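Participant: need coordinates for the below:
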Amino acid sequence: MVLKPLEEEPREYRYLGISALEGLWGFPAATLATLETEATLPELARIFPEITFPGLPFWDVLVRHEGRELLIRSADSDGSHHAPRHPLFHFAWEPGTRRFSDPAGLYPLLKEARRRSLPEPLPLDDLEDPLEAALLCARFPFAPARSPEPWQEDPSLPAAFHRLIISQIITGPRAWAGLEILRRSGYLAAVLPELDQMNRTEHSKEGHPEGNVWRHTVETFRYQKNPDLLVSLALLFHDSGKPLARPREGRRFDGHAELGARVAASALKRLGFSSGLIDQATWLIRYHMIPGALESLPDHRRDPLMASPLFPQLLELYRCDLSSSFRGPEGYYQACTRYRRFLKKNRHRKTSAVPGGGRP
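Facilitator: Residues are numbered from 1 along each chain as shown. So this is what the prediction gives:
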């Protein structure tokens, strides 16, 4: 988590809040980091070539660096304007010295939380802000001691604010906990009404023990092995077309995958996700039912999909989707077997195409 551009200047910096806690826990560096530095805004603009000023509360700049995004509070920040409310967001970690700054004296609480397993979160007092609660509970073994306050919609917040909040929550090891806080607080209804509709769309109890479409979606996040943003976005929206779908020829949610791809494309564009990521996520959503039908599809429909570099992510999406239902994992194993046969056949074809039948 050492940032060479700031080390080489040199400019002092330290990670704050979520990123500092990840340092304490020894978690891998997330795709988004939050930090403060003694560098000024002009210095940051010189140090980092990919810098934007997104107009976010508390944070001054957003930097893209080596595949990560950095939210930075600079030496030019004006006091504590829009500072996070919960003291855990002021916990700091200096990667160079590996020292922690604990102004609220929360280290004993953190030690207790580290001893607990993820299914047994530690109740946390003063976790009243719904977004702060969702962020902490999605990434660490915490739970609000009381229900957070309702979300107060703020039209002045830019799309980047919501994009970063959603991204941090859905890539957390306890994403389901953060997502449910977002729903209960009214945040989803205000910011992502497409997802809030899923809580009013019932599933068949025979196939989905978890209940409605939203509960099923939240449950799928429990089965992610290594959460990444692409698969997490696909999971979040994979059934978002069901509230719009209509029954047809025995299918209760006919065409919901295609409808969900359109819903996701519109919502993710509104939140400011990149066009490339949107294209990949909507591809996964559109074809998320395909792994279960590989055996029955003709080669001309099946092979182009399996040839896609996204097919391993499609299998992961299918595994999480299947694991949260009554159907069991057999369909996933069958899809993996069929995919392995496809890869083996393709390798054989490439080898046979080489003169002499050997390796090129």
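Participant: count the residues that sit near Glu7.
Facilitator: Per other CB atoms under 10 Å, the neighbour tally for Glu7 reads 13. Quick note: C-beta positions are derived from backbone N, CA and C, even for glycine.
Participant: that one contacts Gly96, doesn't it?
Facilitator: Yes: between Glu7 and Gly96 there is a contact under CB atoms under 8 Å: 7.1 Å.
Participant: quick one: end-to-end length of stretch 135-146, please.
Facilitator: Stretch 135-146 stretches 16 Å from its first residue to its last (CA to CA, to the nearest Å).
Participant: right, I mislabeled it, should have said stretch 318-338
Facilitator: This stretch, stretch 318-338, spans 14 Å end to end (CA to CA).
Participant: repeat for stretch 220-234
Facilitator: 11 Å.
Participant: show me the contact partners of that stretch.
Facilitator: Stretch 220-234 is contacted from outside by 31, 167, 170-173, 175-176, 179, 235, 238, 264, 268, 273, 277, 280-281, 284-285, 288, 313, 316-317, 319-321, 323-324, using CB atoms under 8 Å, 6 or more residues apart in numbering.
Participant: drop anything exposed from those residues.
Facilitator: Among the contacts of stretch 220-234, those scoring as buried are 167, 170-173, 175-176, 179, 235, 238, 264, 268, 273, 280-281, 284-285, 288, 313, 316-317, 319-321, 323-324 (criterion: 16 or more other CB atoms under 10 Å).
Participant: show me where pLDDT drops low in the stretch 151-300 of the chain?
Facilitator: Low-confidence segments of the stretch 151-300 of the chain, defined by pLDDT under 70, span residues 203-210, 249-252.
Participant: that one: helices as residue ranges?
Facilitator: Using DSSP state H, counting those that start in this stretch, the helices found in the stretch 151-300 of the chain span residues 159-170, 175-185, 187-191, 193-196, 213-220, 229-237, 256-271, 275-286, 299-306.
Participant: with distance to Cys336 as added columns, please give the ones you listed in JSON lines.
Facilitator: Below are the helices of the stretch 151-300 of the chain laid out as JSON lines (distance: least, CB to CB, whole Å):
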{"stretch": "helix 159-170", "distance to Cys336": "24"}
{"stretch": "helix 175-185", "distance to Cys336": "24"}
{"stretch": "helix 187-191", "distance to Cys336": "33"}
{"stretch": "helix 193-196", "distance to Cys336": "29"}
{"stretch": "helix 213-220", "distance to Cys336": "18"}
{"stretch": "helix 229-237", "distance to Cys336": "16"}
{"stretch": "helix 256-271", "distance to Cys336": "20"}
{"stretch": "helix 275-286", "distance to Cys336": "16"}
{"stretch": "helix 299-306", "distance to Cys336": "11"}
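Participant: and of these, who's closest to Phe142?
Facilitator: Nearest to Phe142 among the helices of the stretch 151-300 of the chain is helix 175-185 (8.5 Å), distances taken as CB to CB.
Participant: what packs against the closest one?
Facilitator: Packing contacts for helix 175-185, counted by 3 or more CB pairs under 8 Å, 6 or more residues apart in numbering; DSSP states H and E, involve helix 130-139, helix 159-170, helix 213-220.
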